[in-house]
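Enquirer: Generate coordinates for the sequence data below:
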Amino acid sequence: MKVFVEEQRFNQWWLYAIIIATMVTIVISVYDVYDATIIEQTNEFWMSAGIGIVISFIMFAVLFLKLEIKIDERGVHYGFWPFQLNLKTAAWHEIEECYVRTYSPLSEYGGWGYRISFKKHGKAYNVSGDKGIQIIFKNGSRTLIGTQKPSEVEAVLKQYAYKLNKVS
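Expert: Next comes the predicted model:
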C-alpha cells in the first residue's frame, strides 16, 4: 500500500524578519538594563531577563517548526515538530469521513499554526495555503490538517477509502 509523507515549514520571509527583530530587541534591552544595574542586581532584573530569554527561545523555536503528515494503512498521522515529538494518529477505525477541501484559514480558524476554532470547525494544523485534509471523527470532533499536495493526498485517501467503511 502507498504511504504519503509531507513536511511543511513556515517559510514566509516577513515572519523570519519579525522573529529576528524581536529577538534582537529583547537581547539588546536585557544587555542595556544589565549594564545599568550591574552594581545592584535586583530580583526584578533577573525575572525580566528570564522572561525575555524564554520569549526569545520560543520565537526562535518557530524558525524550526515543521508540520509533519503521514498517511498509511494505520491512519492519518500529524503533528508540529518539535512540540509534538510523537505524531498524533487518527486511526481509520476512529474516522467517519476523511477528504481534501478548500478552507479559509482566517475566517474558520483565525490564522495558521495550531488553531482551535470555537465554532463547529474543530482543530487545525496548518502552515500556509488554503487546502487541507478534513477529518471528521466518529465522536463528532473535527481536525483539519493543511497540505501543499492536495492531489497526492486525494489519491492516497482513495486507496484507503475501504478502511473507512470497515466495521470495527
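Enquirer: Spell out, range by range, the strands that occur in this protein.
Expert: Secondary structure of the chain (DSSP state E): strands at 4-9, 66-72, 75-81, 88-91, 95-102, 113-116, 123-126, 131-137, 142-146.
Enquirer: Okay, now the sheet partners of the third one, with direction.
Expert: Think strand 75-81. In the sheet, strand 75-81 lines up against strand 66-72 (antiparallel), strand 88-91 (antiparallel) (DSSP bridges).
Enquirer: what does the last one give?
Expert: Here strand 142-146 is paired, per DSSP bridges, with strand 123-126 (parallel), strand 131-137 (antiparallel).
Enquirer: how far does it sit from the chain's center?
Expert: Here strand 142-146 shows a centroid-to-chain-centroid distance of 10 Å under the convention Cα atoms, centre = their mean, to the nearest Å.
Enquirer: before we move on, what about the fourth one?
Expert: In this view, strand 88-91 has its centroid 15 Å away from the chain centroid, taken as Cα atoms, centre = their mean.
Enquirer: ditto for the third one
Expert: Here the centre of strand 75-81 is set off from its chain's centre by 10 Å, with Cα atoms, centre = their mean.
Enquirer: Pull the contacting residues for residue 22.
Expert: Counting by Cβ atoms under 8 Å, 6 or more residues apart in numbering, residue 22 touches 55, 56, 59. Every C-beta, even on glycine, is put in place using the N, C-alpha and C of the backbone.
Enquirer: how does it look with 7 Å?
Expert: Neighbouring residues of residue 22 by Cβ atoms under 7 Å, 6 or more residues apart in numbering: residue 59.
Enquirer: what does residue 108 give?
Expert: Contacts of residue 108 (Cβ under 7 Å, 6+ apart): 117, 121.
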